[in-house]
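1. Predicted coordinates and the sequence they were generated for:
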Amino acid sequence: MRILGLIAATSALLAACGERRDDPPAAAPANQSVASADQSVAPVVGTQAAEADGNSAARAAPAAASPCFVQDGETLTVAPVRALGTEPFWNARIEGRCVTYSHPEDQKGTRVWTEFTPGPGGGTWSGNLGGKPFRLTTQVRKDCSDGMSDTLYPLAAELVVGGERRTGCAEPL
């Protein structure tokens, strides 16, 4: 009888351990959005106070568990963005305050930890790369052209890296 009770208790404990507490909510939080063809294409930006309970914060914003989405103790809600430029070629993938910067000599890319400052229809990501200032700024400009194709992007981008200013375009992912 005692063994059956121990088996039942162990089964209940294992079942509870199998529950996932980090599952994303069924719908996006009210302060996040998914752009449709007729909505604004500017990235969703802002912060919300991080909750003391890590599980609650993870449910409020699925990316909150990542350091890329926490800045100054608050959850950062920035839609992922891809920025690119030509001559010289460069690419940046923005996720929260983390920017992965790549170019022909570094095709895998290097992650740059930045501080995000929201701006009208975009924002600025500022940090350091190789001991030099790194700054990437996006802003709404629906007719941004990469100069190499007929593709038009909804955002303009400006990158300052290694003392050089580079221009390009960007789009939400």
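-> Everything's here; your move.

2. Assign Cys68 to helix, strand or coil.
-> Of the three states, Cys68 takes helix under DSSP: H, G, I helix; E, B strand; the rest coil.

3. pretty sure it is touching Ile94, no?
-> No. With contact defined as CB atoms under 8 Å, Cys68 does not reach Ile94; the gap is 9.4 Å. C-betas here are computed from N, CA, C, even on glycine.

4. And those two? Which one has more around it.
-> Neighbour comparison, Cys68 and Ile94: the larger count goes to Ile94, with 28 against 20 (by other CB atoms under 10 Å).

5. mind checking how far the closest residue to the more buried one other than its chain neighbours is from Glu95?
-> Excluding the flanking residues, the one nearest Ile94 by CB to CB, 6 or more residues apart in numbering is Val81, at 4.3 Å. Val81 sits 8 Å away from Glu95, taking CB to CB, to the nearest Å as the criterion.

6. what is the mean pLDDT for stretch 143-151?
-> On average, the pLDDT along stretch 143-151 is 87.

7. That stretch: end-to-end distance?
-> Taking CA to CA, to the nearest Å, stretch 143-151 runs 9 Å from one end to the other.

8. Then stretch 71-79?
-> 15 Å.

9. That stretch: which residues count as buried?
-> Neighbour-count burial for stretch 71-79, with 16 or more other CB atoms under 10 Å as criterion, is recorded at 71, 75-79.

10. The residue nearest to Ile94 - how many residues pack around it?
-> For Val81, using other CB under 10 Å, the count is 23.

11. list the contacts for it?
-> Val81 makes contact with 43, 93-94, 138, 155, 170-173, according to CB atoms under 8 Å, 6 or more residues apart in numbering.

12. If you rank those residues by neighbours, which is first?
-> Thr138 (31 neighbours).

13. who's in contact with it?
-> 43, 81, 83, 119, 121-123, 155-157, 170.

14. Okay, it and Gly168: tell me how far apart.
-> Separation of Thr138 from Gly168 (CB to CB): 10 Å.

15. thinking again about what came up before, with distance to Ser102 as new columns, can the buried residues of stretch 71-79 be given to me in CSV?
-> Below are the buried residues of stretch 71-79 laid out as CSV (distance: CB to CB, whole Å):
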residue, distance to Ser102
Gln71, 23
Thr75, 27
Leu76, 22
Thr77, 25
Val78, 19
Ala79, 20
